[in-house]
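1. sharing a sequence plus its predicted fold:
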Amino acid sequence: MNNRNNNISQGVDWLVVWLYAILVGIGILCIFMVEYRQGTDWAASFIGGKTNYSKQLMFTGICVVMATFILLADSKLFTAFANLMYAFGILLMMATFVVGKTINGSKSWIPLGGGFNLQPAELCKIFTALALAKFLSRQETDFTKVKSQVIGGIIALAPAALSVFQNETGLALVYFSFFIVMYREGLPPGLLIIGFSFGVLVVATLVVEPNILAATLTGIAALCIYILKKQIKKKKRVLTLIIALWAVCVGVQRFAVPYIFNNVFQCYQSTRIYSMVGKDYDCSQNHHRGKSTDTKPAKKPDDYNVRQSKIAIGSGGVMGQGFLKGTQTRGKYVPEQHTDFIFTSIGEAFGFVGSFLFLSIYLFLLFRIVRIAERQRSTFSRVYAYSVASIIFFHITVNVCMTIGLFPIIGIPLPLISYGGSSLLTFTILIFIMVRLDADRQMVLR
Amino acid sequence: MFSPKYKIAAESNAIFRKVVYPDRGIIFDRKKRSLLQNTVMFDLVVTPSETKGTDTVGLCSLLGIDTSEYRKRMKEIIFKNTSVRPSVFEPLLSDEMYARLNENMYRFPGFILSERKARTYPYNIGASVLGYIAEVDTSFLRRHKEEGYEMGDYAGMTGLERTYEKVLMGQRGVQRFIKDNKSRIQGPYENGAYDTAAIAGKNLYTSLDIDLQQLGEKLMQNKVGSIVAIDPRTGGILCMVSAPTYNPNYLTGSQRRKHFSELLLDPRLPFNNRALGNKYSPGSTFKTVSGIIGLTEGVITEQTTIACPGYFTGCGTGKPKCLDKGVFNFKDAVAHSDNTYFSTVYKRFLDQPKFGGADSALSAFNEYAYTFGLGHRLGVDLPSEKNGNLPVSKYYRKIFGPKWYSCNIISNAIGQGEVQTTMIQLANVMAIIANKGWYYTPHVVDSIDGGDELHLLDAFKEKHFTDKRIPDSIFDAVQDGMQAVVEYGTAAGSKIPGIIMCGKTGTVENYAKVNGKVEKQQDHSFFGAFAPRDNPKIAIAVICENAGQGAWAAAPIASFIVEKYLRDSIAGPERKAKMEEFANKNLIPYLMRVAMAKRDSIKQARELQSLQKKVEEPVDTAAEEELAPEIKNTVPQQAQPTVPVPKKDTSKKKNIRNLAALTTDEEKRKKNIKA
């Protein structure tokens, strides 16, 4: 057992650690860019602890301590406590319903005192990754069986469901990234295809006029029947399948989607999604509207944030406006720029080239994690590493797409860059558990 | 691939252009004394979001408003300009108010005193010449699209301020700032790399004489009319008075808006520059021109004598009449302003067989007259100059048919009829006679500080000559006559001891429409003169509306101005006393007095009514009905100098100022007699 060896650097993948450090550094710099005002003594305010960048520096310090603890810990600990921690995480999430504090409209925070709040859904990502890894690495799990797939799905989506009830839809979506992991572990591709088709159908529902879409779907079904008539003659089941599929599609388009938009989503969420495709959403249809005496007619697409974000990134051009020179940033035109819209500060200051380099660092990190995943001997480590990669990938994609207006605005931070202690700590733990596991890759864990 | 769309969007988001206003140029008189100056006035500016802890009650009592007014204004400001941006709370504070506030500013956080440039006029004179500046309106912006004006800018609206706006305004500077999402200034953009500095406006040196202008305005107080004095050697305008006028300081400072509307509604029309914005029949002063033309053509000589039995016999209508019966030669005809003599000259001129008809004869006459600067705009450097009128045959053909002849238009000979001039044209005619045949276009501005880069003054450097056929000897003859006018003629009472002045009086019949009826008004008093006869230094034209004969009002006023200019003071206690007497005379025309009285009584009635309304809620409708027709009548009641102006002419005029009597038929038109 080489974890008896007290040298913690043994077997650690320093490349990942360096990439992590670089990204956190860039993150603090970005927050500094956003917060900085001309004439302030930046050195003093970095230490002062009043500005967000100095707070982020403090969080970084905490994270370093945390990372050190993780690296010192025994990797068996994670396998052993995986399920327990998952249960603890779920419990924490449940607890928000009792002692939760509402921030920005979602009751998903637990106040810790001293002005700090904990978001269990954020932490639960780690526990879910561990639990999923634990489940999939069990000797008796055969992931080709539907039963195992369902259980895996439940493990991944249980926190998501709780998250939705907490009114934190953005984080709930993150849990869908675990399907990427499950795909690596043998989930049939059909499911992904179905999922993708469903997505296309939903978007089509939003964009295309309902009756035309219904007619189109019917047309496609008729075409399929015509093409497949020989098979249909042989097997009646094909016909039933096509008709059932058609019925489901039309049902989704006709009833499910409007139901979700009017009854499940909040008014603002529906409005955002609709404004993505350039349409107005009539809030008067929304079920949640009820209490607010908002009798105003539907306004223009709620896109101030995206518009300013696009202006910021767009005004950077090829080379950018330069460090601390971005007018959008200096004028605070982009709301939430230090958290979810941190990417705009990079886009504005360093332009296309800077953004490209920045995303390259991310890409490099992701490739490195995937490489680490693939070199693991134990299933547990592999699944876990893949989970880390998936979560980070999902975060980056959604966040960047959101800032450049390709995706509706859901509050998903940019990993390691966005301001926020919870987020930074979560990703630190996620990555360093993986680094710890990787350091012990010679061991067979379960 | 990389379109600048977002870059532009970012700039329009974040860059705030601040215009830096330069000082406007200053206007000096011929002795380098400043007619107007720049001063700094203060606005009380508030940023509502920072007013926490302001002593509201204290501020209100200082400003003399109550707290509900304060809250109302605040609400308005926040609605108009948000609570984070500074807005004007009280504009253009008086000196006293500024002093009081300045001491107490520490009590009013969120309020600051911000300075603004304004004009002051140390001598309180020259309003109609200098003009005023005012905030530009949308129509101004539309007309001056390319010149970079913005809403809230000030620009010259009348007078010299308008003509020389481009010179006076200087060059505005632009500073660029970065503003944040609430439009608060964050700091300079690119450290001011793209900023431009403001360049101060250029000063104007004019030919105006402050002493003369002061005296002129004093003499013309409580009168309607104007004085124009020109230096005949340069064409420089020495003084230009239009009465009634107003104190130019009225239109600066905190009460500007109130004063402006007061002046605008005044029935005496103080904004009208009567020196060049009104056309008058020149009356007998025109005899100098018709005399010169007659002598040149040889229809008379200086020795020609014509007898007057009391009226002009040439046309058989008994008109025009003449005051002094007798036999006159040219000199005495001028001296006594004999209508018969000049009607004969005019008729003889038009009836010359060489023209072969009245049409070409009239155009030959006009050919002479045009060279005296009549019938068209002179091109004075002041806005809204009128062109005057020299009637042409086409016009008479319409009225009298193709067979019209000299008798139809005989009243033109004595400056009645259709001949019209502005006062500046009349003064210019005097300058021409003084110079014996040449003139420079009258102008106010002599030179521009730092050179005339826009070539605004080039036109005033060009010497104009009268018709080449007129020899100096004829000018001598007219000058003899004009000297006789002052020595022993119609203006003998206005003789200045020790100065040889040449002048010509004029008494002009005029009509006004009263309640739809054309009524004859008191005559306009005219006088044109120059002095001294040898080496003339000043040419002058004076009108005093509805003041009777030329010798009664206009001639003495002109003599005081001439004496003041040539001697720097009025000599002798007798003349001084006479000058004071004239200065204190009230010669406001009857109709104008009526209109003013009506305006005042309406104002009183309104005040009374509003008081009544406050006392008892039910409104006395009868009183209202009584008032209504009065209000309607006020506008047409304005007295205005006019002679009969043909219908066509008046129908073109949209303004109510010239409510001319409409007398198209020759019978009425020929009433214009005598002078």
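-> Here it is on my side, so go on.

2. give me the low-pLDDT residue ranges for the stretch 1-150 of chain B?
-> For the stretch 1-150 of chain B, the stretches with pLDDT under 70 are B:1-2.

3. which bits of it sit near chain A?
-> Residues of the stretch 1-150 of chain B lying close to chain A (C-beta under 8 Å from any C-beta of the partner chain) are B:2, B:5-7, B:9-11, B:13-15. Every C-beta, even on glycine, is put in place using the N, C-alpha and C of the backbone.

4. of those, select the buried ones using a PyMOL command.
-> Of the residues of the stretch 1-150 of chain B next to chain A, the buried ones can be selected in PyMOL as follows, counting by 16 or more other C-beta atoms under 10 Å in any protein chain shown:
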select buried, chain B and resi 6+7+9+10+13+14+15
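
5. ok, B:D209 touching B:V241?
-> No: with contact defined as C-beta atoms under 8 Å, B:D209 does not reach B:V241; the gap is 11.7 Å.

6. what's the overlap in contacts for those two?
-> Contact with both B:D209 and B:V241 is made by no residue, according to C-beta atoms under 8 Å, 6 or more residues apart in numbering or on different chains.

7. neighbour count: those two, which is higher?
-> B:V241 (32 against 24; other C-beta atoms under 10 Å in any protein chain shown).

8. and the more buried one, how far is that from chain A?
-> B:V241 sits 56 Å away from chain A, going by C-beta to the nearest C-beta, to the nearest Å.

9. ok, B:K179 - contacts?
-> A:331, B:14-16, B:185-186.

10. for it, give the beta-bridge partners.
-> For B:K179, the beta-bridge partners under DSSP bridges are B:I185.

11. quick revisit: which of the contacts of B:K179 lies closest to B:M423?
-> B:F16 (49.9 Å; C-beta to C-beta).

12. skipping its backbone neighbours, what lies nearest the residue of chain B found nearest chain A in space?
-> In chain B, the residue that lies nearest chain A is B:Y6 (2.4 Å; C-beta to the nearest C-beta). Distance criterion C-beta to C-beta, 6 or more residues apart in numbering or on different chains; nearest residue to B:Y6, sequence neighbours excluded, is A:G314 at 2.4 Å.

13. where does the stretch 301-446 of chain A have low pLDDT?
-> The low-confidence ranges in the stretch 301-446 of chain A, as defined by pLDDT under 70, are A:301-302, A:444-446.

14. can you tell me the element A:K325 falls in?
-> Using DSSP states H and E, A:K325 sits within no helix or strand.

15. so who does it touch?
-> A:A349.

16. try 10 Å this time
-> For A:K325, the contacting residues are A:33, A:348-349, B:178, B:189-190, by C-beta atoms under 10 Å, 6 or more residues apart in numbering or on different chains.

17. repeat that for A:M182.
-> With C-beta under 10 Å, 6+ apart, A:M182 has these contacts: A:132, A:136, A:143, A:148-149, A:152-153, A:155-156, A:191-192, A:383, A:386-387, A:390.

18. give me the buried entries from these.
-> Counted by 16+ other C-beta under 10 Å, these give A:132, A:136, A:143, A:148-149, A:152-153, A:155-156, A:383, A:386-387, A:390 as buried.

19. and the closest residue to chain B within chain A, how many neighbours?
-> Closest to chain B within chain A is A:G314: 2.4 Å, counting by C-beta to the nearest C-beta. Neighbours of A:G314 under the rule other C-beta under 10 Å: 23.

20. ok, B:D43 next?
-> Neighbours around B:D43, by other C-beta under 10 Å: 20.

21. pull out the buried positions in the one helix or strand it maps to.
-> In the assignment (DSSP H and E), B:D43 maps to strand B:37-46. Across strand B:37-46, burial judged by 16+ other C-beta under 10 Å covers B:41-46.

22. and the host helix or strand of the residue of chain B closest to chain A, what other elements does it pack with?
-> Using DSSP H and E, B:Y6 sits within helix B:5-14. Here helix B:5-14 touches helix A:304-315, helix A:327-330, helix A:342-374, strand B:173-179, going by 3 or more C-beta pairs under 10 Å, 6 or more residues apart in numbering or on different chains; DSSP states H and E.

23. next helix or strand past it?
-> Next helix or strand after helix B:5-14 toward the C-terminus (DSSP H and E): strand B:15-20.

24. so how far is the helix or strand that that following strand is followed by from its chain's centroid?
-> Using DSSP H and E, the helix or strand that follows strand B:15-20 in sequence is strand B:27-28. Relative to the centre of its chain, strand B:27-28 is centred 18 Å away, using C-alpha atoms, centre = their mean, to the nearest Å.

25. got it, and stretch A:203-219?
-> For stretch A:203-219, the distance to the chain centre is 29 Å (C-alpha atoms, centre = their mean).

26. what's the answer for stretch B:429-439, then?
-> Relative to its parent chain, stretch B:429-439 has a centroid offset of 23 Å by C-alpha atoms, centre = their mean.

27. and it, which residues are buried?
-> B:429-437, B:439.

28. in helices, which of those fall?
-> B:429-435 (DSSP state H).
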